[in-house]
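# coords below, sequence missing:
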């Protein structure tokens, strides 16, 4: 399968990566979804409501309170969800580190080659 061979990110190179990666992929998918949605809607409405003759004048549009509330509340809720997910992760990492008497954080430094494959070149121990 093509997707099984496609490596979109390097191997997890820190002890926190297992918890951080799902947040990264969620944010990436949300951004990709809304980018495609907005691009589609711009093209769709551009074609649907294009001016067919130079004399044609569009009908004045009145605002829609439901639409304004919707496109304000939905991004707010998505942003709050990402914030609380990230804050919970940060809190658990900080309290976990404090409970372990500031133990080491292992980080693998990786380097990519021309084929797009990554390999570990150095393992560092970071202390807080």
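Perfect, thanks for sending it. Bear in mind that the values here come from a model prediction, so they are computed numbers and not experimental data. Numbers count the residues shown, from 1 in each chain.
# quick one, strands of this protein?
105-112, 118-126 (DSSP state E).
# lowest average pLDDT across the ones you listed?
Among the strands of the chain, strand 118-126 carries the lowest mean pLDDT, a mean of 51.
# show me where pLDDT drops low in this structure?
1-6, 96-128 (pLDDT under 70).
# how about residue 20, what does it touch?
residue 89 (CB atoms under 8 Å, 6 or more residues apart in numbering). Where C-beta positions appear, they are placed from N, C-alpha and C, glycine not excepted.
# one more: residue 49?
Contacts of residue 49 (CB under 8 Å, 6+ apart): residue 58.
# give me that answer again for 6 Å
Contacts for residue 49 were tallied using CB atoms under 6 Å, 6 or more residues apart in numbering; there are none.
# make 36 the first number, not 1, from now on.
Got it, the first residue is 36 from now on, which makes the last one we talked about residue 84.
# how close does it get to residue 75?
Note on residue 84: its distance to residue 75, by CB to CB, to the nearest Å, is 15 Å.
# and what of residue 97?
25 Å.
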